[in-house]
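# structure for the following, please:
(2 chains)
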Amino acid sequence: MVEKKMLLKNPLENAVVEIEKKNAELKEKFFKMELLEDGSADNSYTMAINGVVDAAVNGGLNNYSTFIDGTYREENPEIYEDVMSNEFKKKAPSRLILSLKEQLWLLQWGVRVHGSKCSESLKPLHEHIQMMFSKMEVDMTKMIESSPL
Amino acid sequence: MLPVKVDPDESHFNHATDQFLQISKVSAGNTVKGDQNIMDVDQSEMMNGEGVCTSDMPHFVRSHRANNKVNVFWYTRPFRKRKEKSKNEFLDLWVEKKFLKTDEIMPCTQVSERSCGGLRKKRIIRATTKLTLFHSIRIRLARSPPPLLH
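Okay, the predicted model is just below:
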């Protein structure tokens, strides 16, 4: 071994990376779904949307609220200190908001397309997804608006 | 065996009476842009994707970069900064990403070393049906046993 290097990722950066990864996954899935014939999408598309929407409504979003409203600065000063340590890390709070906005936009698109592409047997689940997504949209928009950025 | 969660420190290196073995599974973290070494790349690029490539690259480009002439490896280790657990587990999730560069390239990760070499030259010969027939007769004759001598 001739060289060693270490990078530290704080919880805020981890959250950003996870959401960005999920967005890339959703984007790829929805592009594929759009090319399918009406009523022919299998349940993997339904599960992909349902997983994100369900998790967000059932408490998933609250995990990020501290980073968005900025309360982590007082409650977790070690994270704030790391975020402020260099120019790249300083962008993490705005990257988090951007990635959440992107996720919202992707889901609007995905839910709309899913309505026409899913099979008849999955229609009841689609209605449940629509209902949960409306709730998620309201909660997430409120959360993003609470950001001091 | 030293658990992966334990980061060896001064006490392990200089004051311990035991010897330790710590094993981590590593991933290839070869290059980011062309021949640029990952060790020289700044933080913003390393954080993008998994350190090897950017997420918008096609799969085969990513695969090539990850698996050719590998001499940089990385692994991650989650850890907590605070001793007490937070109510929100997300706030405790810190990750250390360690990059290790070896002197030698990992064996069998460059084309010249592989058993399947790259194509160097190509030549096409088109044969007429007559020539093909003649050729197959010649092969058959060569394979048949020699005629008995009386």
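# which parts of the chain are helices?
No chain was given, so I picked chain A. Along chain A, the stretches classed as helices by DSSP state H are A:11-34, A:43-55, A:62-69, A:72-75, A:77-83, A:87-90, A:92-117, A:123-145.
# ah, I was thinking of chain B
B:10, B:43-47, B:59-67, B:129-143.
# residue A:125: which of those is closest?
helix B:59-67 (30.9 Å; Cβ to Cβ). Placement of C-beta: from N, CA and C, glycine included.
# the closest one and chain A, are they touching?
No. For helix B:59-67 and chain A, the contact criterion (Cβ under 8 Å from any Cβ of the partner chain) is not met; the two come no nearer than 11.0 Å.
# convert the C-alpha atoms of that helix to PDB, please.
What follows is helix B:59-67 as a C-alpha-only set of coordinates in PDB (Å, rounded to 0.1, in the frame of the first residue of the first chain):
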ATOM      1  CA  HIS B  59     -23.100   1.100 -17.600                       C
ATOM      2  CA  PHE B  60     -20.200  -0.300 -19.900                       C
ATOM      3  CA  VAL B  61     -18.100   2.800 -19.300                       C
ATOM      4  CA  ARG B  62     -18.500   2.500 -15.600                       C
ATOM      5  CA  SER B  63     -17.700  -1.200 -15.700                       C
ATOM      6  CA  HIS B  64     -14.600  -0.500 -17.700                       C
ATOM      7  CA  ARG B  65     -13.300   2.100 -15.300                       C
ATOM      8  CA  ALA B  66     -14.100   0.000 -12.300                       C
ATOM      9  CA  ASN B  67     -12.400  -3.100 -13.500                       C
END
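# which strands and helices sit next to that helix?
strand B:27-28 (3 or more Cβ pairs under 8 Å, 6 or more residues apart in numbering or on different chains; DSSP states H and E).
# list the strands paired with the strand it packs on, with their directions.
As defined by DSSP bridges, the strand partners of strand B:27-28 come to strand B:72-79 (antiparallel).
# how about the residues of chain A near chain B?
Contact residues, chain A versus chain B (Cβ under 8 Å from any Cβ): A:1-11, A:13-15, A:17, A:20, A:24, A:62-64, A:66, A:72, A:75-76, A:78-79, A:86, A:88-89.
# ok, now which ones touch residue A:37?
Residues counted as contacts of residue A:37 (Cβ atoms under 8 Å, 6 or more residues apart in numbering or on different chains) are residue A:117.
# report the central residue of chain B.
residue B:67 (3.1 Å; Cα atoms, centre = their mean).
# count of neighbours near residue B:69?
Residues within reach of residue B:69, counting by other Cβ atoms under 10 Å in any protein chain shown, total 16.
# residue A:57 too?
By the criterion of other Cβ under 10 Å, residue A:57 has 17 neighbours.
# what's across from the residue in chain B that chain A sits nearest to in the sheet?
Nearest residue of chain B to chain A (Cβ to the nearest Cβ) works out as residue B:101 at 3.9 Å. Beta-bridge partners recorded for residue B:101 (DSSP bridges): residue A:3, residue B:72.
# from the helices of chain B, which stretch is densest packed?
By mean neighbour count, with neighbours taken as mean count of other Cβ atoms under 10 Å in any protein chain shown, helix B:43-47 ranks first of these at a mean of 17.
# test my guess that the residue nearest to the centre of chain B contacts residue B:109.
Yes. Using Cβ atoms under 8 Å, residue B:67 is in contact with residue B:109, at 6.2 Å.
# shaky segments in the chain?
Chain wasn't specified; assuming chain A. With pLDDT under 70 as the threshold, chain A has no low-confidence stretch at all.
# I was thinking of chain B, sorry if that wasn't clear
Residues of chain B that meet the criterion pLDDT under 70 lie in B:30-55, B:65-66, B:110-118, B:147-150.
# ok, now with 50
In the predicted model, chain B carries pLDDT under 50 at residues B:48-51.
# count of neighbours near the residue in chain A that chain B sits nearest to?
Going by Cβ to the nearest Cβ, chain B is nearest to residue A:3 of chain A, at 3.9 Å. Using other Cβ under 10 Å, residue A:3 is surrounded by 14 other residues.
# and the gap between it and residue B:10?
As judged by Cβ to Cβ, to the nearest Å, residue A:3 and residue B:10 stand 21 Å apart.
# before we move on, what about residue B:60?
Counting by Cβ to Cβ, the gap between residue B:60 and residue B:10 amounts to 46 Å.
# for residue B:100, give me its contacts.
Neighbouring residues of residue B:100 by Cβ under 8 Å, 6+ apart: A:1, A:3-4, B:26, B:72-74.
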